[in-house]
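1. Would you be able to build a 3D model of this:
(one chain, ligands or ions: 1)
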Amino acid sequence: MAKLTVSDLDVKDKKVLMRVDFNVPVKNGVIGDDNRIVAALPTIKYIIEHDGKAILFSHLGRVKTEDDKKALTMRPVAQRLSDLLGKPVTFVPATRGKQLEDAIADMKDGDVLLFENTRFEDLDGKKESGNDQELGQYWASLGDEFVNDAFGTAHRSHASNVGIATAMKAANKPVAAGFLMEKEIKFLGNAVDNPKHPFVAILGGAKVSDKIGVIDHLLDKADKVIIGGGMTYTFYAAKGMKIGTSLVEKDKVGLAKEILDKAGDKIVLPSDSVVAEKFDNDVPHKVVEGDIPDGYMALDIGPKSIKEFEDVLKDAKTVVWNGPMGVFEMSNYAEGTLEIGKFLGTLTDATTIVGGGDSTAAVKQLGVGDKLTHISTGGGASLEYLEGKELPGIAAISNK
Ligand code: AMP
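-> Presented below is the predicted three-dimensional model:
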């Protein structure tokens, strides 16, 4: 079902409430990576360039005590946003009340306002995270239209995304996706629900247990599912192979066996691995085929596997990738992830999507992200999307 997007709205003279994902790293009042703020700019600019009033709000970290408020105020975010937009941003240090309402009443078309961290509302009975109905209704009362651009929280049902959306719709006010949200729905949604074939999924990372929902769902949809990373060795164990001291989830070996039986030759496992005696970059390491020798742990896929995976990928029209192929944080075990990332960049005829979390960090750190079609901004949200679950934040957006 196609969702309403910000470009479908008439924002002129309107008070446009916009849920952004400004959950950026802040240390001693200084913002580290401002990617998430930058990612929201197209939607904010669209609203103000079309003479709307942009009233922004986001959560930042987890607010558990009164003391947390000092470190988790949105004030520095408002300053950075103002620098990026090249215009003033009114910061309101409140999540409700007269000061906020007066500031909104004073806004002119094209103005931008950011109010305080929505999770400050969690101190009083988890009103934000618990999706308190009254809070959603209050926020909805502050504006004429609601735009949700926070994909990273779309898998959560909070007052600032689902609560407000529900109240807006009940009041016959439109609820639309921002451009960032629209892009995530388009690429992740299309890849899973309507992929061009051959569709190949690459799943890596540490644990089978984290990815079981994704494996299950994508086995139904994809033509091939490539498995790499630490979870490979739970599958090796399921095949009765030796795994040395490699990462293994003993209680998931049975499940891995069931998956292998069900999947037949759809699942592609690495045929060789880079192994070391310790989980350490600076110890001797070597490539072994098949079984992992006693006393060794597998920390990356080997060169033969890279070639075999590339062979599976070369004709793909859709590729979804979630989870690194090895311990990419250590240079000696980054090769598998790096080479697969580089190879995906050469597939100009395919839609190549990185599904968030550690995989996003990996492609960024290794500098292979530029040539891929889409790198998801959501970790948990993209994983749940790939599991085929309905995300409440997206479900709450009006249909066209
Ligand atoms: P995930 O969050 O499940 O995507 O897992 C990502 C983590 O898996 C990264 O921190 C990698 O270092 C780790 N990882 C990948 N391959 C291996 C491996 N062979 N052994 C241990 N950890 C691994």
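2. Could you use CA atoms for every contact and neighbour count after this?
-> Will do.
3. quick one: the nearest residue to D149 once chain neighbours are set aside and the ligand, what's the gap?
-> Excluding its sequence neighbours, the residue lying closest to D149 (CA to CA, 6 or more residues apart in numbering) is G178, at 4.4 Å. G178 sits 27 Å away from the ligand, going by CA to the nearest ligand atom, to the nearest Å.
4. let's number from 79 now, not from 1
-> Shifting the count to begin at 79 puts that one at G256.
5. For G256, give me the pLDDT.
-> Note for G256: predicted pLDDT of 98.
6. Was I right to think it contacts V225?
-> Yes - look at G256 against V225 with CA atoms under 8 Å: they come within range, at 5.8 Å.
7. Overlap in contacts, those two.
-> Common contact partners of G256 and V225 (CA atoms under 8 Å, 6 or more residues apart in numbering): 83-84.
8. and those two? which has more neighbours close in?
-> Comparing G256 with V225 by neighbour count (other CA atoms under 10 Å), the higher total belongs to V225, at 30 against 27.
9. how would you label that one: helix, strand or coil?
-> strand (DSSP: H, G, I helix; E, B strand; the rest coil).
10. Could I get the contacting residues of it?
-> Contact analysis of V225 by CA under 8 Å, 6+ apart lists 83-84, 94-97, 253-256.
11. Beta-bridge partners for it, please?
-> With DSSP bridges as the criterion, V225 is bridged to M96, A254.
12. Please see if whichever helix or strand A440 is part of touches the ligand.
-> Per DSSP states H and E, A440 falls inside helix 436-443. Yes - residues of helix 436-443 are located near the ligand by CA under 6 Å from any ligand atom, namely D436.
13. What is that helix packed up against?
-> strand 396-400, helix 413-424 (3 or more CA pairs under 8 Å, 6 or more residues apart in numbering; DSSP states H and E).
14. In three-state terms, label I133 for me.
-> strand.
15. Next: the one 10 residues further on.
-> Under the three-state scheme (three-state DSSP), T143 adopts coil.
16. now it: how far from G203?
-> 12 Å (CA to CA, to the nearest Å).
17. repeat for G306
-> For G306, the distance to G203 - CA to CA - is 43 Å.
18. go on, D222?
-> From D222 to G203 the distance is 27 Å (CA to CA).
19. what about these two, which has more around it?
-> Of the pair D222 and G203, D222 is the one with more neighbours under other CA under 10 Å, namely 19 against 10.
20. Quick check: the more buried one touching A249?
-> No - contact criterion CA under 8 Å: D222 and A249 do not qualify, at 9.6 Å.
21. Show me the helices in the stretch 329-478 of the chain, by range?
-> 331-341, 381-391, 413-424, 436-443, 458-464, 470-473 (DSSP state H, counting those that start in this stretch).
22. which stretch in the ones you listed has the least confidence?
-> Among the helices of the stretch 329-478 of the chain, helix 436-443 scores lowest, at a mean of 83.
23. contacting residues around that helix?
-> Applying CA under 8 Å, 6+ apart, the contact partners of helix 436-443 are 283, 399-402, 406-407, 415-416, 419, 432, 447, 453-455, 457.
24. buried set for that helix?
-> For helix 436-443, a neighbour-count test (16 or more other CA atoms under 10 Å) marks 436-441 as buried.
25. Let me know the closest of those to D111.
-> A439 (12.0 Å; CA to CA).
26. mean confidence for stretch 169-185?
-> Mean per-residue pLDDT for stretch 169-185: 98.
27. So which bits of this protein are right by the ligand?
-> So far as CA under 6 Å from any ligand atom goes, the chain lies against the ligand at 283-285, 307-308, 325, 376-378, 401-407, 436.
28. Mind checking which of these are buried?
-> Buried among the residues of the chain next to the ligand (16+ other CA under 10 Å): 283-285, 307-308, 325, 376-378, 401-406, 436.
29. Break the chain down into its structural domains.
-> As assigned by the TED database, the chain contains the domains 84-257, 266-465.
30. quick one, what contacts H236?
-> H236 makes contacts with 206-210, as judged by CA under 8 Å, 6+ apart.
31. contacting residues for A341?
-> Applying CA under 8 Å, 6+ apart, we find A341 in contact with L297.
32. G368 versus that one, what's the distance?
-> 20 Å.
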